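Novice: mind folding the following:
(chains A and B)
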Amino acid sequence: MRRSVTATATHIPELESVLARYSREESQLIPLLQDIQDHVGYISSESMQAAAAHLNIPESSVYGVVTFYSQFYLTRQGRHKVRVCQGTACHVRGAGEIIRAVSARLGIKPGETTKDFEFSVERVACFGSCALAPVMVVNEKVYGNVTPEMAIRILDELT
Amino acid sequence: MSAELTFTIDGVSLTAPKGDTVLNAAKAAGIYIPHLCFSEGLKPYGACRLCIVEIDGVRGMPTSCATQVTDGMVVHNDVDSVNRVRRMVCEMLIADHPLVCLSCSANMNCRLQDVAAFLGIKGSRLRRMVRKPIVDDSNPFYTRDLSKCILCGLCTRSCHELRGVGAIEIAGRGFESRIAAPGDGPVRDSTCNSCGECVDRCPVNALWAKHETLPPTATVRTTCGYCGCGCGLELGTRGGKIVRVRGDRNAPSNHGSLCVKGRFGLDFVSAPDRLTTPLIKRNGVFEEATWEEALDLVATRLCEIKEKHGPDALAGFSSAKCTNEENYIFQKLFRAGIGTNNVDHCARLCHASTVAGLARAFGSGAMTNPQSEFEHADCIFVTGSNTTEAHPITAISIIKAVVENGATLIVADPRRIELTRYATLHIRQRSGTDVALFNAMINVIISEELGDDAFIQGRTEGVEALKACVADCTPEWAEPITGIPADKIREAARLYAKAERGSIAYSMGITQHTTGTDNVLALANLAMVTGNIGRPSTGVNPLRGQNNVQGACDLGALPNKYPGYQDVTDPKIRATFETAWGVPLSPDNGITVTEIVNAADSGDIKGLYVMGENPMLSDPNLNHVEHALMNLEFLCVQDIFMTETAELADVVLPAASFAEKDGTVTNTDRRVQRVRTAVPKPGEARDDWAILCDIATRIGYPMSYASPSQILDEIATVSPIYGGISFERIEEVGLQWPCPDKDHPGTPFLHQGEFKRGKGKFHATPFKVAAEEPDSDYPLLLTTGRYLYHWHTRTMTSRTKGLEAICPPTPIEIHPDDAARAGIQHGDVIEVSSRRGTIEANAHVTDRSPRGTVFMAFHFHEGAANRLTIDAVDPIAKIPEFKVCAVRIRTADPTKKTDDA
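Specialist: Just a heads-up that it's a prediction; the model follows:
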């Protein structure tokens, strides 16, 4: 039998506490998703169902928004998020070598997460800190004038 | 009509009503402006950038779909400057579109081809980036290939905006943009209900219907044969078969929209097991017979029984699936030919209490306002109607009222039905306590002085009786009875009472109770006390079930009414019909469906003629029905399939389906609409009216008509409400009765200025409990209803594999707490028992059902819910209490488990 359009409310306590902070206006969708991601680490299909039920909108609408914005992750991310800039300035100043070094050190390609969920690596377009190129951002901390050796040292300090 | 504006497109002077868009006005004038993302009934989207035009005095190139005409506007459409830009847009679309036109199902019927041809496109200058086919074949009715998709958004917008389902949306960004169900999963696992609106609107056949393999060679406009919405259909035919189904965009009830049954569920018409020859049962086995043999036998047996036991030993079940003309002929056969008023039909099982209740309160037992008017109501009170499943097209108007026009929706229903998604307030009364809820709402309205005193004074009578009846019915009194918190009852009463245009929609959740008539009267009280009747977008609106249940009632397939709701016991009226039909008529009311079954059981009814009904699945307490039908001396069944009832018959006569006959049917709006022959009848099957005329002639009451049109002309002379209706007048669009004469335009809504009966009458409706309440032996309340994917006893829908695949037999919805208590898991095969029978069903554990209540549809002969239901009836309307009985559940054989559930 086809699924009912009327979604059932969530029973995941972690989600419930986030949802409780938001009104049921459709305009709350993006802040709500951001908050869920902050707490859960990514947007699971359960989270999308819960958000849809909370805001009384179709689940497909939530999926449309989640897949539109690159800020939302559909899979569980690593504890440490490594983002290497690939903008023009960083590219010219050797960002390619940095991403290669990071990938080699962690054994994953950009866009992937290590099996132990310690690290995720991502290529991003520009942080707007071109004067510091090449730039790498780990969690919320920005590192400028990064060299491949320095990048590995930063990672090693975290493990 | 709003003011006309004058403007020009490419020098051609045109007029358009105020508010019209440039694209619409051009379309109306037959001028082509290229476009892909616009479709009638949807809001302008302005995404495809092909309908751009130049307008004098306006900067740039605005989209004509989103630009309203202004007076004196000068529009340039087919000019080089605009076409140059359009060509670039078109080339970009073509750059990633597979150019496989010859082998594409859209060939010659593709909007992208239209645009490219108009612009003279020879190819694309851009690098081609065509995807390989990305096919989702999971839905049983349609296939999707994303490589053909041009991302116009018509499918997603019709799904969200028009149908309120929202199963799919555009996901991703840039070149990765795609139509997707959540998680990019197969669409079958989404909330898609297969209405096919997206398939119909897809401009390039990136979505296509699986059954459409060949284009039709002819198209016939007709009316859908499923429910009472009365949707206009365009049946494309080829080689005597239906090969394409489209909604009629000009039809007033559906504007082109259809539901899954109407669009994809017509396989039954050409099903291999249609009845194609008369059958006579000899020594317990059906043998094929000629029409002569069969008709002679039926006539002989009817005459024998009449001679021996009198005419009242015979009875007939007419059919809400047959046309008005056929119902008229059926009751004429029984009244004039046989001489008894024992003629009734399945309205007894659905809206008998409506006919009884609304006739008492207002003087007319039909929907007061048409479905389309819900759209402009500012408060809609839906109770006892699972509208999105049972009346899917009516639901579109209700959803539109909420989403587009900001109406307040109150849903009073024990189940968490889909409509609750749009509801401002959902209140869940215990099944069978509706009167307590409505009385409490009226109590609030009176005590808080929210009523319309001017209306009560001027247009009604009996308000004192009402006031006395509800005086003690406070919300606090109703709370323990209904299970609804008192403050919610207050809120519902205030919301409805304060509405400018409050409309009530209800269906069988209200009528199918031993208090069915009281339920209807209480709703009528609610409408009158607030003055919400007799104006557009107000009223008390029973949504009628079958395609022609309204018409079958109108044409006198009722034991106490001649055609046009005229009393058989009124000597003056009887004299009119005696003159018209040329024979003396019985002065006594006949007996109803439920009474006929009892009389067959006791031996008072000896012979029964059933046309297009299946009481062996549709009636309550089936074990009793079976016993009664077996007890008959003679049973004749006229149908299109060998139904459960036909199996018990002595003679079975093969009839024509809705797609094989001409005639008229009357939808829930009281709109009389045409049914037209699209395909030939199978084998020796015949029109129901023609069969009936032959039988009448053989029993000594000769009837013969050249065509259904001639029958309708006779109807017009005896039934004043149909007085002005003829085939000629309804050729294009149907007329809404009352339509007393040839110049009358029909009546969209009833009771304007004055009620049919003069003053509207309030009735005291004290609360009474249901016939059978749960107890320690049978602790759960069973309520029955329908699913979107099946029609009534499934005679028609079971012939469509896809419908069976989506909704296989036989689910029972159980609240998780009740399931846990009984040790039942989702998917278990369970045994359900009442005092009348035991069946097996598949447990669907869901909180759609409230605690303590289980729900079953009555469609399935495997696990027939009506083996459990009680045959207690409403004392006035004789409608059975399908909505409340007591059952118990337990796990059946633990090794049994279904894959589907």
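
Novice: where exactly do the helices run in chain A?
Specialist: Per DSSP state H, chain A carries helices over the ranges A:13-19, A:29-40, A:45-55, A:59-68, A:88-92, A:95-106, A:148-158.

Novice: and the first one, what does it pack onto?
Specialist: Spelled out, it's helix A:13-19. If you count contacts as 3 or more C-beta pairs under 8 Å, 6 or more residues apart in numbering or on different chains; DSSP states H and E, helix A:13-19 packs onto helix A:29-40, helix A:45-55. The C-beta positions use only the backbone N, C-alpha and C, and glycine is treated the same way.

Novice: highest mean neighbour count out of those?
Specialist: Among the helices and strands packed on helix A:13-19, ranked by average contacts under mean count of other C-beta atoms under 10 Å in any protein chain shown, first place goes to helix A:45-55 (a mean of 21).

Novice: name the surrounding residues that touch that helix.
Specialist: A:7-10, A:12, A:15-16, A:19, A:22, A:24-26, A:28-29, A:32-33, A:36, A:40, A:58-59, A:61-63, A:66, B:182-183 (C-beta atoms under 8 Å, 6 or more residues apart in numbering or on different chains).

Novice: mind doing that once more with 7 Å?
Specialist: Applying C-beta atoms under 7 Å, 6 or more residues apart in numbering or on different chains, the contact partners of helix A:45-55 are A:7-10, A:12, A:15, A:19, A:22, A:24, A:26, A:28-29, A:32-33, A:36, A:40, A:58-59, A:62-63, A:66, B:182-183.

Novice: mind giving me the ChimeraX select for these, buried ones only?
Specialist: Buried members of the contacts of helix A:45-55, defined by 16 or more other C-beta atoms under 10 Å in any protein chain shown, are picked up in ChimeraX with:
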select /A:7,10,15,19,22,28,29,32,33,36,40,58,59,62,63,66 /B:182,183
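
Novice: closest residue of chain A to chain B?
Specialist: Going by C-beta to the nearest C-beta, chain B is nearest to A:Pro58 of chain A, at 2.7 Å.

Novice: pretty sure that residue sits against B:Arg163.
Specialist: No. The criterion here is C-beta atoms under 7 Å, and A:Pro58 misses it with B:Arg163 at 10.8 Å.

Novice: one step back: mind putting the helices of chain A in a markdown table, mean pLDDT included?
Specialist: Output for the helices of chain A, formatted as a markdown table (pLDDT from 0 to 100):
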| stretch | mean pLDDT |
| --- | --- |
| helix A:13-19 | 86 |
| helix A:29-40 | 93 |
| helix A:45-55 | 93 |
| helix A:59-68 | 96 |
| helix A:88-92 | 94 |
| helix A:95-106 | 94 |
| helix A:148-158 | 92 |
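
Novice: now the residue most central in space within chain A: phi and psi?
Specialist: Central residue of chain A (C-alpha atoms, centre = their mean): A:Tyr73, 4.7 Å from the mean position. Main-chain dihedrals, A:Tyr73, degrees, to the nearest 10: phi -110, psi 140.

Novice: give me the secondary structure label for the residue of the stretch 51-200 of chain B found nearest chain A.
Specialist: In the stretch 51-200 of chain B, the residue that lies nearest chain A is B:Gly166 (2.7 Å; C-beta to the nearest C-beta). The three-state label given to B:Gly166 by DSSP: H, G, I helix; E, B strand; the rest coil is coil.

Novice: so what pLDDT did the nearest residue to it once chain neighbours are set aside get?
Specialist: The shortest distance from B:Gly166 to any non-neighbouring residue, by C-beta to C-beta, 6 or more residues apart in numbering or on different chains, is to A:Pro58 (2.7 Å). Here the pLDDT value assigned to A:Pro58 is 94.

Novice: check contacts around A:Pro58.
Specialist: A:Pro58 neighbours (C-beta under 7 Å, 6+ apart): A:52, B:160, B:166, B:191.

Novice: quick one: closest of the helices of chain A to B:Leu42.
Specialist: The closest of these to B:Leu42 is helix A:59-68. By C-beta to C-beta, the value is 16.6 Å.

Novice: burial of B:Ser81, as a residue count?
Specialist: Residues lying near B:Ser81 (other C-beta atoms under 10 Å in any protein chain shown) number 9.

Novice: contacts only, for it.
Specialist: So B:Ser81 contacts B:Glu54 (C-beta under 7 Å, 6+ apart).

Novice: now it: which helix or strand?
Specialist: helix B:80-95 (DSSP states H and E).

Novice: chain center to that helix: distance?
Specialist: Chain-centre distance of helix B:80-95: 44 Å, with C-alpha atoms, centre = their mean, to the nearest Å.

Novice: what's the answer for stretch B:100-109, then?
Specialist: 35 Å.

Novice: got phi/psi on B:Leu14?
Specialist: The phi/psi pair for B:Leu14 (degrees, to the nearest 10) reads phi -130, psi 160.

Novice: that one pairs with what?
Specialist: As for beta bridges, B:Leu14 partners with B:Phe7 under DSSP bridges.

Novice: so what touches the helix or strand containing B:Ile456?
Specialist: Taking DSSP H and E as the criterion, the element that holds B:Ile456 is helix B:453-459. With contact meaning C-beta under 7 Å, 6+ apart, helix B:453-459 is reached by B:463, B:529, B:531, B:755, B:759-760.

Novice: isn't B:Tyr142 up against B:Ala206?
Specialist: No. In this structure, B:Tyr142 is not within contact of B:Ala206 by C-beta under 7 Å, at 10.5 Å.

Novice: returning to that earlier point: of all the helices of chain A, which one comes closest to A:Gly78?
Specialist: Once those are compared by C-beta to C-beta, helix A:95-106 is nearest, at 8.9 Å.

Novice: quick one, that closest one and helix A:148-158 angle?
Specialist: 40 degrees (axes from the mean of the first three to the mean of the last three C-alpha atoms, to 10 degrees).

Novice: tell me which residues of helix A:95-106 are tucked away?
Specialist: Buried, per 16+ other C-beta under 10 Å, within helix A:95-106: A:95, A:98-99, A:101-103, A:105-106.

Novice: flag the shaky bits of chain B, pLDDT-wise.
Specialist: Scanning chain B for pLDDT under 70 picks out B:1-3, B:893-901.

Novice: what residue spans form the domains of it?
Specialist: Domain ranges of chain B: B:4-119, B:279-349+B:548-554+B:590-661+B:681-720, B:352-542, B:780-891, per automatic domain parsing.

Novice: so which elements touch the longest helix along chain B?
Specialist: Assignment by DSSP H gives helix B:291-309 as the longest helix of chain B. Using 3 or more C-beta pairs under 7 Å, 6 or more residues apart in numbering or on different chains; DSSP states H and E, the elements in contact with helix B:291-309 are strand B:279-282, strand B:314-317, strand B:607-611, strand B:634-639, strand B:651-654, helix B:688-698.

Novice: which elements pack onto the next helix or strand after the first one?
Specialist: It stands for strand B:279-282. Downstream of strand B:279-282, the next assigned helix or strand under DSSP H and E is strand B:285-288. With contacts taken as 3+ C-beta pairs under 7 Å, 6+ apart, strand B:285-288 sits against strand B:279-282.

Novice: who's in contact with the strand it packs on?
Specialist: By C-beta under 7 Å, 6+ apart, strand B:279-282 touches B:286-289, B:293-294, B:297, B:649-652.

Novice: kindly report the same for stretch B:190-197.
Specialist: With C-beta under 7 Å, 6+ apart as the criterion, stretch B:190-197 contacts A:2-3, A:5, A:58, B:139, B:141-142, B:158-159, B:162-163, B:165, B:167-168, B:181-182, B:209, B:257-260, B:263-264, B:392, B:788, B:806.

Novice: domain ranges for chain A, per the record?
Specialist: A:13-68, A:80-158.
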